[in-house]
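Visitor: sequence and computational prediction follow.
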Amino acid sequence: MHLKPDPRFLAITAHDLRGAVGVLDGAMKELTRDISSDRPDAAKLSLMMSRSTQRLLLIADRLSVLAKLTDSEELELSERGDVTPLVKEAANRSFSAHGRRALRLRFEGGPAPAVFHGQALAGAVAELTALVCSFSQAEVSICIAGSASATRITFISDNATEGVQRTLRDRTGTTQAGAGIALAAAVVERHHGQLELSKLDGSSASLSIVLPVAT
């Protein structure tokens, strides 16, 4: 018998997780506040702990988005305007948690108008940023572009190996990458848009969120 998860349970779990992580984050900052610059190992450990708490908060955000998607077939697209600030904030948060040392994040373009659900769209952006960070080698670029017909948010990696191409095509896998693409695709579908898989150009690969322009 297939049981549909209760969205209230998902939302409560997300809330409890945020609370627990907040306590851990505060304790960690207190314990590491006086680490001196001549203790590189301790500073490295502090950074690892900080990134781990940020990842846990992103997992809580994912649960909140899943609660929204489970609760209704339709999201209330109550926000209207330029998506650029939302995309930059969500991508920067995800990059801080998932970006490796020496990996750069670069933004291009904007403004780009759309009608959207802020929390859900931010969750999709965070998932795709994390995905692209996982296989990029030196740089991740996010291009935000608006036209007369659509707003496009494109995540560009400097890596286009066969493994990357398989990852971008996989919407059903049980891996973290497959789950991230599946969640982003569900969010974009509820926005009456589409998720476009990469068209390769040289050594780069891309994945785009395409949303209808606000009317």
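Guide: On my side now, so go ahead.

Visitor: so where is this protein shaky, pLDDT-wise?
Guide: 1-7, 32, 34-39, 42-43, 47, 73, 171-175, 199-201, 214-215 (pLDDT under 70).

Visitor: ok now do the spatially most central residue of it, which residues does it touch?
Guide: Most central in the chain under CA atoms, centre = their mean is residue 126, positioned 0.9 Å from the mean C-alpha point. Residues near residue 126 by CB atoms under 8 Å, 6 or more residues apart in numbering: 58, 61-62, 90-91, 93-94. For every residue, glycine as well, the C-beta is placed using N, CA and C.

Visitor: buried set for the lengthiest helix in the chain?
Guide: Ranked by residue count, the top helix of the chain under DSSP state H comes out as helix 40-71. Within helix 40-71, the residues that count as buried by 16 or more other CB atoms under 10 Å are 46, 49-50, 53-58, 60-70.

Visitor: still on that earlier bit, farthest-apart pair in the contacts of residue 126, please.
Guide: Farthest pair in the contacts of residue 126 (CB to CB) is 62 and 91. Separation: 15.1 Å.

Visitor: in stretch 187-198, what's buried?
Guide: For stretch 187-198, using 16+ other CB under 10 Å, the buried residues are 187-188, 190-191, 193, 195, 198.

Visitor: in space, what's closest to residue 96 - neighbours in sequence excluded?
Guide: Spatial nearest neighbour of residue 96, chain neighbours left out: residue 54 (5.7 Å); criterion: CB to CB, 6 or more residues apart in numbering.

Visitor: what about residue 12, neighbour count?
Guide: By other CB atoms under 10 Å, the residues close to residue 12 number 13.

Visitor: so it belongs to a helix, correct?
Guide: Yes. The assignment for residue 12 is a helix, going by DSSP: H, G, I helix; E, B strand; the rest coil.

Visitor: residue boundaries of the strands in this protein?
Guide: Secondary structure of the chain, counting by DSSP state E: strands at 79-82, 104-109, 113-116, 139-146, 150-157, 194-196, 205-212.

Visitor: dump those strands to CSV, plus distance to residue 180.
Guide: Converted to CSV, the strands of the chain look like this (distance: least, CB to CB, whole Å):
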stretch, distance to residue 180
strand 79-82, 23
strand 104-109, 17
strand 113-116, 19
strand 139-146, 14
strand 150-157, 11
strand 194-196, 11
strand 205-212, 10
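
Visitor: so which of the ones you listed gets nearest residue 26?
Guide: Comparing these against residue 26 with CB to CB, the closest turns out to be strand 104-109 (26.8 Å).
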